[in-house]
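Colleague: Here's my sequence, what's the structure:
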Amino acid sequence: MSGHGHAIPMTARRGRPLKGRAEVPGDKSISHRSLILGALAVGRTEVTGLLEGQDVLDTAAAMRAFGATVTQVAPGHWTVEGVGVGGFAEPKDVIDCGNSGTGVRLIMGCMATSPISATFTGDASLRKRPMGRVTDPLALFGARAYGRQGGRLPMTVVGAGDATGVRYTVPMPSAQVKSAVLLAGLNARGQTVVIEKEPTRDHSERMLRGFGAEVAAEDGPEGRIITLTGQPELKPQRVAVPRDPSSAAFPVCAALLVEGSDILVPGVSQNPTRNGLYTTLVEMGADIAFENPREEGGEPVADLRVRFTGALKGIAVPQERAASMIDEYPVLSVVAACATGTTVMRGVKELRVKESDRIDAMARGLEACGVRVEEDEDTLIVHGMGADGVPGGATCATHIDHRIAMSFLVLGLAAKKPVSVDDGSPIATSFPVFEGLMAGLGADISRVAG
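Modeller: As a prediction, this is how the structure comes out:
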């Protein structure tokens, strides 16, 4: 059952080639951070290209609850009147972060070093996700957290007054944990040091510098060492949000699987900590041209020209690439099912604690569509069936997970028989225009009448 209201069953069918221009929404990670840092700045931040999916709208509501003035000027165009570092007011009500692990973890971080309390909850999916990975390092600053068994929401965080910076080694590759600690360090005295054994997406570091924080990063024997100097006055910015590479993955992969397809996806972020999927697809033989490279909003972007070239070939994805494409493994497993040979994805255990257990969800759905899959705690192996070999014909469970839903709908465009999902409503959390965009390219994706 959907965590967003009534379930919306959907079905995708093989049809004509995909053609045209795919204007995917703004980057979700940068959208969250632009609202949060705008709320922590002094003055008015202006954001264009903001993703208006439910996850980001929930973060906007949370920033209002902490005292910032957040206003939509026009579609995708928002302003944030910030209250400054340490200026958060105590919310009068529970903060509902919906489906967003990024939202709740980053917001916990940025209030954890203020002398206020806040209670957080979310939908059924978010309430299953572990929060200890964030509340444990926040406790080093003096913050206290009281939640359900296993460190799960609903949870009350009691912030620390007069906090001092900490030194913390992130035990797993997680940009959310790193970012939460850095945001907590903003209102702490002295320096906060975060050490990553494996680099993760660096939007927080880039944007913190853009807002005027002193952030240094260097590689050392322990890994990537990020040092933030606390108690800056953040300056308001004009943020142009680039298009989301994780959302772009769906029309890109669909075009690679549907015979005769030729699409353009403009202005997609090419941040090197986010582009692992595109590197992998090219290694599998994909025809992707990266046109008009440029910089927008402090991020490298390019226009992606994507053409069908027949069956791709299975590969072993380097384990060290996992952090740069962790959200894209579900749709990559669909591409792997339609490739020739075997695709091996290792180092992906983080997928088990996303909106759903994405390894299990994809494995069970692919098996139901006739694809042979192997898995263990940290590995997913897909045995490809070629460009015209996936039987399809199944209804796949999405587990209230937007990326699982979109991935199986992409599979339905290439499989011999239609592929359905039990609930497409979670797609609105990250890609609210998915149905219209795909229909505009020629995809046959429809809602199933209840």
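Colleague: How many residues are close by the closest residue to residue 307 other than its chain neighbours?
Modeller: Once flanking residues are discounted, residue 307 sits nearest to residue 287: 4.3 Å by Cβ to Cβ, 6 or more residues apart in numbering. In short, each C-beta sits where N, CA and C put it, glycine included. Residues near residue 287, counting by other Cβ atoms under 10 Å, number 16.
Colleague: Tell me who's in contact with the closest residue to residue 101 other than its chain neighbours.
Modeller: Spatial nearest neighbour of residue 101, excluding adjacent residues (Cβ to Cβ, 6+ apart): residue 129 at 5.5 Å. By Cβ atoms under 8 Å, 6 or more residues apart in numbering, residue 129 lies in contact with 101, 152-153, 353-355.
Colleague: how about stretch 410-419 as CSV, C-alpha atoms only?
Modeller: The C-alpha trace of stretch 410-419 is given here as CSV (Å, rounded to 0.1, in the frame of the first residue of the first chain):
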residue,chain,number,x,y,z
VAL,A,410,11.4,1.1,-17.9
LEU,A,411,11.7,-2.7,-18.1
GLY,A,412,8.1,-2.9,-19.4
LEU,A,413,9.0,-0.7,-22.4
ALA,A,414,11.5,-3.4,-23.5
ALA,A,415,10.1,-6.7,-22.3
LYS,A,416,8.1,-9.0,-24.6
LYS,A,417,5.0,-8.7,-22.3
PRO,A,418,3.8,-5.6,-20.3
VAL,A,419,5.3,-5.1,-16.9
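Colleague: Next, the residue of the chain positioned farthest from its centre: secondary structure please.
Modeller: Seen from the C-alpha centroid of the chain, the residue lying at the greatest distance (Cα atoms, centre = their mean) is residue 162, 32.4 Å away. Put simply, residue 162 is coil when judged by DSSP: H, G, I helix; E, B strand; the rest coil.
Colleague: Tell me the spacing between the closest residue to it other than its chain neighbours and residue 147.
Modeller: Computed as Cβ to Cβ, 6+ apart, the closest residue to residue 162 that is not its neighbour in sequence is residue 189, at 7.4 Å. To residue 147, residue 189 is 27 Å away according to Cβ to Cβ, to the nearest Å.
Colleague: Neighbour count for these two, which is higher?
Modeller: residue 147 (19 against 14).
Colleague: how far away is the more buried one from residue 192?
Modeller: Taking Cβ to Cβ, one finds residue 147 at 24 Å from residue 192.
Colleague: Residue 255 too?
Modeller: Distance, residue 255 to residue 192, by Cβ to Cβ: 43 Å.
Colleague: any weak-confidence spans in the protein?
Modeller: Along the chain, the model assigns pLDDT under 70 to residues 1-5, 297, 450.
Colleague: mind listing the helices for it?
Modeller: Along the chain, the stretches classed as helices by DSSP state H are 28-40, 54-65, 101-111, 132-140, 175-185, 203-210, 245-257, 276-283, 329-337, 358-368, 402-412, 434-441.
Colleague: Compile the ones you listed into a markdown table and extend it with columns for mean neighbour count and distance to residue 427.
Modeller: Rendered in a markdown table, the data for the helices of the chain read as follows (neighbours: other Cβ atoms under 10 Å; distance: least, Cβ to Cβ, whole Å):
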| stretch | mean neighbour count | distance to residue 427 |
| --- | --- | --- |
| helix 28-40 | 28 | 13 |
| helix 54-65 | 23 | 10 |
| helix 101-111 | 26 | 17 |
| helix 132-140 | 20 | 26 |
| helix 175-185 | 27 | 21 |
| helix 203-210 | 22 | 22 |
| helix 245-257 | 28 | 10 |
| helix 276-283 | 20 | 18 |
| helix 329-337 | 28 | 13 |
| helix 358-368 | 22 | 15 |
| helix 402-412 | 29 | 5 |
| helix 434-441 | 18 | 5 |
